[in-house]
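Novice: this one's sequence-less:
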């Protein structure tokens with residue numbers, strides 16, 4: 001059975017999608033921008049502040065689904081500028097310590113002009 005996951009502790013979806021889906025013992029999250037859930041605005045204007053918020057948002061969704069950072073098996077990370085790779089990694093490593101499989105790519109633009117977006121697949 002497929003279950004939609006939703007929490008007010010992370011920003012609401014800004015399009016026709018949900019925060020995450022849970023099925024067969026797995027959680028698949030949508031990409032999380034560095035938005036403040038209360039205001040819907042970016043947590044800051046640099047990659048460090050936005051990465052902190054994006055990863056906190058990801059954690060809130062994982063918690064709502066019944067899992068956590070340590071159960072992540074794959075992340076996909078999107079950066080607006082690959083020059084931010086080291087700064088992003090410094091934040092990422094504070095939250096995701098089990099070193100799951102990961103892809104990290106630079107993209108032309110992110111929704112709302114964000115600097116970073118992170119999505120994950122985790123086990124329950």
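Specialist: Received it, and whenever you're ready, just let me know what you need. Just so it is clear, the model here is predicted, and its values are computed rather than measured.
Novice: Residue 50 belongs to a strand, doesn't it?
Specialist: No: counting by DSSP: H, G, I helix; E, B strand; the rest coil, residue 50 is located in no strand; its state is helix.
Novice: so what's the backbone phi/psi at the spatially closest residue to it that is not a sequence neighbour?
Specialist: Leaving aside its chain neighbours, residue 50 sits nearest to residue 34 (2.7 Å; criterion: CB to CB, 6 or more residues apart in numbering). Glycine gets a C-beta too; all of them are placed from N, C-alpha and C. With angles defined as degrees, to the nearest 10, residue 34 sits at phi -80, psi 50.
Novice: in which helix or strand would I find residue 85?
Specialist: Take DSSP states H and E as the rule and residue 85 turns out to sit in helix 85-95.
Novice: Quick check: buried residues in that helix?
Specialist: Neighbour-count burial for helix 85-95 flags 87-88, 91-92, 95 (criterion: 16 or more other CB atoms under 10 Å).
Novice: do stretch 46-66 as well
Specialist: Using 16+ other CB under 10 Å as the test for burial, stretch 46-66 gives 47-62, 64-65.
Novice: you'd agree the residue nearest to residue 50 is up against residue 54?
Specialist: Yes: using CB atoms under 8 Å, residue 34 is in contact with residue 54, at 4.4 Å.
Novice: Can you check which residues contact both of these two?
Specialist: residue 116 (CB atoms under 8 Å, 6 or more residues apart in numbering).
Novice: Mind jotting down where the strands sit in the protein?
Specialist: Remark: strands assigned in the chain by DSSP state E are 3-5, 20-23, 26-29, 32-33, 72-79, 101-106, 116-123.
Novice: what's the most buried one of these?
Specialist: With neighbours defined as mean count of other CB atoms under 10 Å, the strands of the chain peak in mean count at strand 32-33, which reaches a mean of 24.
Novice: what's in contact with it?
Specialist: Strand 32-33 is contacted from outside by 10-11, 42, 50, 53-55, 57-58, 61, 110-112, 114, 116-119, using CB under 8 Å, 6+ apart.
Novice: same thing with stretch 72-84?
Specialist: With CB under 8 Å, 6+ apart as the contact definition, stretch 72-84 has outside contacts at 31, 47, 62, 85, 88, 92, 96, 98, 100-107, 109-110, 113-123.
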